[in-house]
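A.B. asks: got a structure for you, letters missing:
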């Protein structure tokens, strides 16, 4: 059987090498070589953005250097915005100097976007004095301040353990003509919870009720996550019940928020117990909540509980989506439960999901690790015949598993198939296969594999 396999590999290699040599011959009839692509105006534009942003970030004498450059007048606003966005994350003060230099030009009028691109990097760098200077400049120019920008500023204050300053920013927003939207309330709520100020958080919720600002999922989940992170599940449940009596209904069920909060807080045992209890009561979590819990369970190695929970929830009416299978199937296959992995795979197919390569690759790898290479090759061929072609990572994985199992002829066969599919194998992959073939005494096939590698390199060089 080994001789027939080696003969088949030799035949395919001969065909492949012959085709490669014919394909790599230069076309002398064309008369002239192909010219390299010329840079376009788009390339020149982004090259200018890169050059100017580098000057803004690194030049100490920034204004003098900019004055010496022959820059267009008036300076294009879109170019200025791109330069500020590129330079501000690394050097917000230099970006502020660049904006001040632009404002000194008589023909340049900054917009709110120019300032917004600068405010958030200043907040992240905790340069709050300069931030408020830019905000005052915006107010002087009559430019509106966006709630999303100030939400990020409030969050920066909160994560810097400056809760009082975050509250002060919130109170100063009407002074700058910025509305206090739900997004802004959520940012302050997050800042208060991050500093353990639950009393202030409750007061903020009541203020939302008085002002008629409708809360969203982030409003509820922020407080629930904070309670769960403190290990206070009863308080989180009491908060949801209290909000329900006040007329605030969360956009998802409160129990889903509790499960999400426990998972994000790392309290996996409590999340397992709570999810199991509500499932037994006939209250199913939504699919997104179940997926987050299943991901946490699989990451912790508790695949058995995740499988049982999925089976129980599915029997009670839970409809898994493709994300559920993407979480469960690789974890089940890695745990060695191949039959369960096959069951999940065909359940996904029956639900109408197309089996993409990374979905069935986990089963192929599990079969190879179990020594069931014949089953792995049959399943792999079945996927190809049904119109689900593998990608490069799947081919590389299969070649490596064949090498680890000592099946070097099969590895050479799939390596050749990989090159025929248009995926160029890398040199280390060729090396391990060639070394294994020589170890088996298949020197002729090893030499042909080396010729295939050289021909692929020549093809790549001519293509470049």
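C.D. replies: Nice, thanks for sending it over. Computed from a predicted model, the values in this text were never measured in an experiment. Numbering: from 1, shown residues only.
A.B. asks: can you count the residues close to residue 295?
C.D. replies: For residue 295, the neighbour count with other C-beta atoms under 10 Å is 18. (C-beta placed from N, C-alpha, C; glycine too.)
A.B. asks: now residue 91
C.D. replies: 18.
A.B. asks: how near is the residue nearest to it when sequence neighbours are not counted to residue 65?
C.D. replies: Nearest non-adjacent residue to residue 91, counting by C-beta to C-beta, 6 or more residues apart in numbering: residue 57, 4.6 Å away. Going from residue 57 to residue 65 by C-beta to C-beta, to the nearest Å gives 12 Å.
A.B. asks: These two - which one has more neighbours?
C.D. replies: Between residue 57 and residue 65, counting by other C-beta under 10 Å, residue 57 is the more crowded of the two (18 against 13).
A.B. asks: so that one sits right up against residue 84, yeah?
C.D. replies: No. The criterion here is C-beta atoms under 8 Å, and residue 57 misses it with residue 84 at 11.2 Å.
A.B. asks: Spit out the residues that contact these two alike.
C.D. replies: Overlap of the contact sets of residue 57 and residue 84 (by C-beta atoms under 8 Å, 6 or more residues apart in numbering) is empty.
A.B. asks: picking up where we left off before, check which helix or strand covers the residue nearest to residue 91.
C.D. replies: Secondary structure assigned from DSSP states H and E places residue 57 in helix 41-58.
A.B. asks: elements contacting that helix?
C.D. replies: The contact analysis (3 or more C-beta pairs under 8 Å, 6 or more residues apart in numbering; DSSP states H and E) places helix 41-58 against helix 62-68, helix 77-87, helix 92-103.
A.B. asks: tell me the angle of the helix or strand following the longest one relative to helix 92-103?
C.D. replies: Where DSSP H and E defines the elements, the next helix or strand beyond helix 92-103 is helix 112-124. Orientation note: helix 112-124 sits at an angle of 160 degrees relative to helix 92-103 (axes from the mean of the first three to the mean of the last three C-alpha atoms, to 10 degrees).
A.B. asks: which residues make contact with the next helix or strand after helix 112-124 from outside it?
C.D. replies: Sequence order places helix 128-141 as the next helix or strand after helix 112-124, per DSSP H and E. Contact with helix 128-141 is made by 92-93, 96, 110, 112, 115, 118-119, 122-123, 144-145, 153, 157, 165, 176-177, as judged by C-beta under 8 Å, 6+ apart.
A.B. asks: Can you name the residues that contact the spatially most central residue of the chain?
C.D. replies: Central residue of the chain (C-alpha atoms, centre = their mean): residue 323, 14.0 Å from the mean position. Counting by C-beta under 8 Å, 6+ apart, residue 323 touches 287, 291.
A.B. asks: what sits against the residue nearest to residue 91?
C.D. replies: 87, 90-91, 94.
A.B. asks: and the residues you listed, which are buried?
C.D. replies: Neighbour counting by 16 or more other C-beta atoms under 10 Å classes 87, 91, 94 among those as buried.
A.B. asks: Sort out which one of those residues lies nearest residue 287 for me.
C.D. replies: Looking at the buried ones among the contacts of residue 57 and their distance to residue 287, the nearest is residue 87, at 42.5 Å (C-beta to C-beta).
A.B. asks: Make a markdown table out of the buried ones among the contacts of residue 57 and add distance to residue 345 and pLDDT.
C.D. replies: Formatted as a markdown table, the buried ones among the contacts of residue 57 follow (distance: C-beta to C-beta, whole Å; pLDDT from 0 to 100):
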| residue | distance to residue 345 | pLDDT |
| --- | --- | --- |
| 87 | 49 | 92 |
| 91 | 51 | 92 |
| 94 | 54 | 92 |
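A.B. asks: Need the pLDDT of residue 279.
C.D. replies: If you check residue 279, the pLDDT there is 71.
A.B. asks: one step back: gap between the residue nearest to residue 91 and residue 88?
C.D. replies: Distance from residue 57 to residue 88, by C-beta to C-beta: 9 Å.
A.B. asks: got it, and residue 277?
C.D. replies: 49 Å.
A.B. asks: if you count what's nearby, which of these two comes out ahead?
C.D. replies: Applying other C-beta under 10 Å to residue 277 and residue 88 shows that residue 88 carries more neighbours, namely 26 against 11.
A.B. asks: Would you mind confirming that that one is in contact with residue 116?
C.D. replies: No. In this structure, residue 88 is not within contact of residue 116 by C-beta under 8 Å, at 10.3 Å.
A.B. asks: and for those two, which residues touch both?
C.D. replies: When C-beta under 8 Å, 6+ apart defines a contact, no residue borders residue 88 and residue 116 alike.
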